[in-house]
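Peer 1: for reference, the sequence and a predicted model appear below.
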Amino acid sequence: MPSFTDIWEITPETAHERARQLVPVDSFVWDFGDEDSPLGNDIGADTFAAYLDFRKEQPKGKVQDFIANLFDVFELEDADWDLLDPEALQEALDEDEGFSVVTRDEFILGLAFAQLLVEGELDEVVKTRAMLALKRQSSDVLMEFHEEEDTAPMRREQLDELAVILGRA
């Protein structure tokens, strides 16, 4: 596994070979400045950078340790990964203005794509949680929460693209 020092070193040319096969060169995944990219929003970018540091310090470290450590930093609970019921989801969003749900989803999507680009594979727990996050993010409840009614079709296409990529990983 190559040793990257920051996210900008990872490109369609330098990423893991399997990632280059799964993520089209023109995908928005590669645009680390795009807020919609799983690695372009603040949480995704921070997760990506922290994961690179984690792998540099602990090349064989368990991803569950990484998750636990970053959740402490983000002050999040490692819970509610399967939250898809619209009413319960709305309650969770209302509870803390969406912080927990959105941060958890952005974190797990950032981690999934960081693993894919750097290692060419995903931890099974990360993959399962990321796929649930994609379902949740494409729900009407989250589209309304993000006030994306006008852009919902485009955003859902992006989320579908991410699901296809992760589904093949």
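Peer 2: Perfect, thanks for sending it. Numbering: from 1, shown residues only.
Peer 1: need the contact list for Phe4.
Peer 2: Shown in contact with Phe4 (Cβ atoms under 8 Å, 6 or more residues apart in numbering): Ile10, Thr14, Leu52, Val118. Just so you know, the C-beta spots here come from the backbone N, C-alpha and C atoms, and that holds for glycine as well.
Peer 1: of those residues, buried ones?
Peer 2: Buried members of the contacts of Phe4, scored by 16 or more other Cβ atoms under 10 Å, are Ile10, Leu52, Val118.
Peer 1: can you tell me how far the nearest residue to Gly40 once chain neighbours are set aside sits from Ile67?
Peer 2: The spatially closest residue to Gly40, leaving aside those adjacent along the chain, is Asp34, at 4.2 Å (Cβ to Cβ, 6 or more residues apart in numbering). In this structure, Asp34 lies at 24 Å from Ile67, with Cβ to Cβ, to the nearest Å as the measure.
Peer 1: settle it for me: which of the two has more neighbours?
Peer 2: Ile67 (20 against 14; other Cβ atoms under 10 Å).
Peer 1: tell me, how many residues neighbour the closest residue to that one other than its chain neighbours?
Peer 2: Among residues not flanking Ile67 along the chain, Asp78 sits closest, at 6.7 Å (Cβ to Cβ, 6+ apart). For Asp78, the neighbour count with other Cβ under 10 Å is 12.
Peer 1: I am finished for the moment; much appreciated.
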